[in-house]
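Enquirer: sequence and predicted structure below; questions after.
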Amino acid sequence: MAEDILPLKGTIANLNWFDRQRKHYETPDQIARRFRLPDDAGMRAFCGGAAAVQGRDTVQFIRRAPGTPDGTWSSLFADPANAALWLFGVDWELRPDGKFELPQASEGMAREGRITELEPGRLVALSSPSGGVTRFEMQDASGSARARRDVPNYAGPITEFRLTDRVPEGAGVPDQLHETTSERIAQPGGAGTHCVGVVADWHRAATLFQQLAFAEAKQYWPPELAVGLDLEALVAAYAKLLAAYHAG
C-alpha cells in the first residue's frame, strides 16, 4: 500500500515519498539536504504546507494564522502596502470587476486581469484574460484542533487562509528567460498544468501571508516555516514532487 502513495496528497504522503527516495544509510537530515531542504524539520514544514493538487490544472495551499477573517482582511488585503508585500507587489481596485496588476509576478504567471468575485472578509478571486483564476478564501478556524496545532500557545481567534490557483486551459511552458533554470520552468504534467516555478511562487506567497499575519498579531512564527520562503529549495522540491505526481 505504501508504494501506491503519491506525493502532493497530504503531509504524511509527501513525507513517505521523500523517505522512499533515501538510501539505507541516510539520516533524515541528509535526505532533506539532498532535496535542497535545510534539515528534517524544514522538510516536515515544507510537506505540511505543500500544494494539494485538485485536478490537473489546480493547486491549493492552506495556511492558518492568528486573527479573525475580518481583521486579516483589513490588514493584509485592504491595506495596499501590506497586500503588496505578499502578493507580488499587487496594485488593485478592490471591488467587483476592479483591475489588478501583479508587477512582481514571475514568468508563467498572470500579471493583470479583473477581480471577478469579492466578498470582503471572506473571498477575492482574480481572473486573467487567458482564463486562469486565483482565489483567496478565509474562514474562521478557531474551533479546529489542527488550527490550534498550527498556531500553538495562542488562545485567540484563528483564520484559515486558502489560496487556490487554476491555470488556463492549454497553458504551456513560458519562454525561458536568461535568469531562469530549466527546473523552474519545467511542466511535468504537460500542457494545461502548472510549471514548477509557478507552484513554488504561490507556495512562497501563501507563506509570506502567514508570516505577516503572525507578525500583525505579535505571535511567534516557528522558524522552520521559513523554508516556505526559500524559492531555490521550493523549486527543487516541487520539480521532484510534481514529476512524481503526474507520473503516477
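Expert: Thanks, I have it.
Enquirer: in this structure, where is pLDDT below threshold?
Expert: Filtered on pLDDT under 70, the chain yields the residue ranges 1-5.
Enquirer: hey, where'd the helices end up in it?
Expert: 11-20, 28-34, 40-49, 69-76, 80-86, 145-150, 182-185, 196-216, 231-247 (DSSP state H).
Enquirer: from the chain's centroid, how far away is the second one?
Expert: Taking C-alpha atoms, centre = their mean, to the nearest Å, one finds helix 28-34 lying 22 Å from the centre of the chain it belongs to.
Enquirer: and that helix, C-alpha only, in CSV?
Expert: Extracted in CSV, the C-alpha atoms of helix 28-34 (Å, rounded to 0.1, in the frame of the first residue of the first chain):
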residue,chain,number,x,y,z
PRO,A,28,16.5,12.3,7.8
ASP,A,29,18.7,15.4,7.7
GLN,A,30,20.7,14.0,4.9
ILE,A,31,17.6,13.1,2.9
ALA,A,32,16.3,16.7,3.4
ARG,A,33,19.5,18.3,2.2
ARG,A,34,19.6,16.1,-0.9
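Enquirer: could I get the helices of the chain as JSON lines with distance to D97 and mean neighbour count?
Expert: (Glycine included, C-beta is placed from N, CA and C.) Output for these, formatted as JSON lines (distance: least, C-beta to C-beta, whole Å; neighbours: other C-beta atoms under 10 Å):
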{"stretch": "helix 11-20", "distance to D97": "38", "mean neighbour count": "18"}
{"stretch": "helix 28-34", "distance to D97": "45", "mean neighbour count": "17"}
{"stretch": "helix 40-49", "distance to D97": "32", "mean neighbour count": "22"}
{"stretch": "helix 69-76", "distance to D97": "19", "mean neighbour count": "20"}
{"stretch": "helix 80-86", "distance to D97": "18", "mean neighbour count": "15"}
{"stretch": "helix 145-150", "distance to D97": "33", "mean neighbour count": "14"}
{"stretch": "helix 182-185", "distance to D97": "32", "mean neighbour count": "18"}
{"stretch": "helix 196-216", "distance to D97": "23", "mean neighbour count": "23"}
{"stretch": "helix 231-247", "distance to D97": "32", "mean neighbour count": "20"}
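Enquirer: and these as a markdown table, adding distance to R135?
Expert: Formatted as a markdown table, those follow (distance: least, C-beta to C-beta, whole Å):
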| stretch | distance to R135 |
| --- | --- |
| helix 11-20 | 22 |
| helix 28-34 | 31 |
| helix 40-49 | 18 |
| helix 69-76 | 14 |
| helix 80-86 | 15 |
| helix 145-150 | 20 |
| helix 182-185 | 24 |
| helix 196-216 | 11 |
| helix 231-247 | 20 |
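Enquirer: can you tell me which of those is nearest to S106?
Expert: Ranking the helices of the chain by distance to S106, with C-beta to C-beta as the measure, places helix 196-216 first at 5.5 Å.
Enquirer: relative orientation of that closest one and helix 231-247 in degrees?
Expert: Angle of helix 196-216 versus helix 231-247, following axes from the mean of the first three to the mean of the last three C-alpha atoms, to 10 degrees, is 130 degrees.
Enquirer: could you say what helices and strands helix 196-216 packs with?
Expert: helix 40-49, strand 58-66, helix 69-76, helix 80-86, strand 158-166, helix 182-185, helix 231-247 (3 or more C-beta pairs under 8 Å, 6 or more residues apart in numbering; DSSP states H and E).
Enquirer: now these in JSON lines, with distance to C195?
Expert: Below are the helices and strands packed on helix 196-216 laid out as JSON lines (distance: least, C-beta to C-beta, whole Å):
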{"stretch": "helix 40-49", "distance to C195": "19"}
{"stretch": "strand 58-66", "distance to C195": "11"}
{"stretch": "helix 69-76", "distance to C195": "26"}
{"stretch": "helix 80-86", "distance to C195": "21"}
{"stretch": "strand 158-166", "distance to C195": "11"}
{"stretch": "helix 182-185", "distance to C195": "5"}
{"stretch": "helix 231-247", "distance to C195": "9"}
